[in-house]
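Q: kindly return the folded structure for what I paste below:
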Amino acid sequence: MKQPLSNKVAIVTGASRGIGRAIALKLAREGAKVMLAARNAELLKDAQAEIESNGGKAAWLSLDLRKSEAPALLVQKTIEALGGIDIVVNNAGATKRGDFLALSEDDWTDGFALKFFGAVRLVRAAWPILKRQKGSVVNIAGVGGRTPGAQFTIGGSVNAAMLSFTKAMADVGVQDGVQVNAINPGAVRTGRLLTRLQTLSKEKGISAAEAEALMVADSAITKIGEPEDVANLVAFMVLPQNRYLHGALIDLDGGTTKTM
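A: Next up, the predicted model:
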């Protein structure tokens, strides 16, 4: 039986762990050939091995997308290794939390350098190929872009910029035949979230399970998300039959976003 993404080539950034890795594995299971991009070569090799052990095809490239030349190199190496580009998933980038007055100029610069400018440069470098292939872009932003918080001034600002960029490129995509959407994940069970839960557990003197229950209750959400939740939505978005989904900013957050 033919897989729904057979003959498609996907780039997934931040693919070494967490949400990015889950997205890469899911797209590969759906038949796509996947270029795994991140900084940690050993974790990328592990992800490639997992994909190929299940009959998929993947390549990997260790690079720092904060460097201005890196996105164009990623596009070049993807074409060389896998023969084209049909899907770009911009997932790379973690921003620093903390008190606004304690966050440095470097913290702000670094926050935008990877998640925002890395995505902008990658889309720009890949766009001519995506236009030719009538491809898809999915930007992984975050709930802070729509619901800012005092501890998340950098992340909220970066995510808001990502959402605006998504809408602008969706308009370009109407003309060029490229599908562009964004996902706003809420609290997802990644290494960073587990660190936050451990901190909360120590502060309150409660177990890890109790800390998670407290976070869920305080946020008034259904549950903590899993990386696979995001991966499943990405895979749905890029299916050929779902092209009417365009310029969408989808909150995948268990109910975190309370505004219209």
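
Q: was I right about Val230 contacting Val188?
A: Yes: applying CB atoms under 8 Å, one finds Val230 in contact with Val188, separated by 6.5 Å. Quick note: C-beta positions are derived from backbone N, CA and C, even for glycine.

Q: overlap in contacts, the two.
A: By CB atoms under 8 Å, 6 or more residues apart in numbering, Val230 and Val188 have these common neighbours: Ile19.

Q: neighbour-wise, which of these two wins?
A: Val230 (27 against 21; other CB atoms under 10 Å).

Q: so what's that one up against?
A: 19, 22-23, 140, 183, 185, 188, 252.

Q: go ahead and flag the most central residue of the protein.
A: With distances taken as CA atoms, centre = their mean, Asn91 lies nearest the centre of the chain, 2.3 Å away.

Q: separation between that one and Glu52?
A: Per CB to CB, to the nearest Å, Asn91 is found 21 Å from Glu52.

Q: and Leu249, how many neighbours does it have?
A: For Leu249, the count of nearby residues is 18 (other CB under 10 Å).

Q: quick check: it vs Asp46, distance?
A: Plainly put, Leu249 is 32 Å away from Asp46 if you go by CB to CB.

Q: same check, this time on Gly31
A: 21 Å.

Q: cool, Ile250 as well?
A: Ile250 is 29 Å from Asp46, where distance means CB to CB.

Q: Ser201 now?
A: In this view, Ser201 and Asp46 are 28 Å apart by CB to CB.

Q: kindly report the same for Ile206.
A: Applying CB to CB to Ile206 and Asp46 gives a distance of 33 Å.

Q: once you drop chain neighbours, what's closest to His68?
A: Quick fix: residue 68 is Ser, not His. The shortest distance from Ser68 to any non-neighbouring residue, by CB to CB, 6 or more residues apart in numbering, is to Arg121 (6.6 Å).
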